[in-house]
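Q: attaching a predicted model along with its sequence, questions to come.
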Amino acid sequence: MRLGILLAAVLGAVFFMEGAFAQRIELPQGPNRDLVYARCRVCHDLQYVVDSIGITGDNWKALIEDMGRYGLRIPNEEREKIVTYLVTYLGPDASKRKAGPVQTAEAAVDGKAVYARQCTSCHQAEGTGLPKTFPPLAGNPDLYIDRLFPVFVVLNGLEGPATIKGERYQGAMPPFDHLSNAEIAAVVNYIRSAWGNDKLRPADFTEVNAVTVTEARARPMKPKEVLAYRAGKR
């Protein structure tokens, strides 16, 4: 019964995405937590995940299988990692587990790998996005509005109507502030250079780094405020 109620709540959220990411949910630290953020928040707030704390591994698997009927597409390897995380940190014995280590290292990070793991569900592997649903990153001039704008988007999300490459988008992107400073810097730098985006670079362009992201974290915004920031820079 509980699983059915949870599924109904999650599916209801899929059709009311606007404003769905206003509340930021902090999941327990542990291996593959970032996959849960990346794959589950495409459609719904993580509150629905938190509300299900205590269900069994079989129920977690069944829930993810049901999500597949409504468009969830993730590789089997990732699916197993997500289920393992959910069972370990949000399952029946979650209270007996110790949280995993916090990822604090700022060593070199592969931005392409971060993108593949965190961004392709919406923006696609080649940065093309999905028409009228998720905006493209390939050829997107917003990447160079200023030095910080893409960092603000990754950290805080983005919400509201925006016209990109002549197409109007109305929706919400969740924040990805669970990523480390090094990961955010790496993925922003990757996106700015991939798919021919390097040709959009202004003459005074410089790459961002972990210090840049630290600076941006000190200026927290709501998703709609990020959209307003965009408008003020155009």
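A: Yes, it's here. Numbers count the residues shown, from 1 in each chain.
Q: secondary structure element for residue 84?
A: helix 76-90 (DSSP states H and E).
Q: where in this structure is pLDDT low?
A: 1-24, 70-71, 95-107 (pLDDT under 70).
Q: what about the helices in it?
A: 2-14, 33-40, 47-50, 57-68, 76-90, 111-118, 120-123, 149-156, 181-193, 210-217, 223-233 (DSSP state H).
Q: got those helices as a markdown table, with mean neighbour count and distance to residue 136 columns?
A: (Glycine included, C-beta is placed from N, CA and C.) Below are the helices of the chain laid out as a markdown table (neighbours: other C-beta atoms under 10 Å; distance: least, C-beta to C-beta, whole Å):
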| stretch | mean neighbour count | distance to residue 136 |
| --- | --- | --- |
| helix 2-14 | 14 | 22 |
| helix 33-40 | 21 | 19 |
| helix 47-50 | 17 | 29 |
| helix 57-68 | 16 | 25 |
| helix 76-90 | 17 | 23 |
| helix 111-118 | 18 | 14 |
| helix 120-123 | 18 | 7 |
| helix 149-156 | 23 | 14 |
| helix 181-193 | 23 | 11 |
| helix 210-217 | 17 | 23 |
| helix 223-233 | 16 | 16 |
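Q: is it possible to get TSV of these that adds distance to residue 171?
A: Shown next, in TSV, are these (distance: least, C-beta to C-beta, whole Å):
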stretch	distance to residue 171
helix 2-14	12
helix 33-40	16
helix 47-50	18
helix 57-68	19
helix 76-90	23
helix 111-118	17
helix 120-123	10
helix 149-156	13
helix 181-193	19
helix 210-217	22
helix 223-233	10
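Q: quick one: closest of the ones you listed to residue 164.
A: For the helices of the chain, distance to residue 164 was read as C-beta to C-beta. The smallest value, 10.1 Å, belongs to helix 223-233.
Q: got the angle for that closest one vs helix 149-156?
A: 170 degrees (axes from the mean of the first three to the mean of the last three C-alpha atoms, to 10 degrees).
Q: other residues contacting helix 223-233?
A: Residues outside helix 223-233 that contact it (C-beta atoms under 8 Å, 6 or more residues apart in numbering): 21-22, 142, 145-146, 149, 152-153, 156-160, 162, 172-173, 175, 221.
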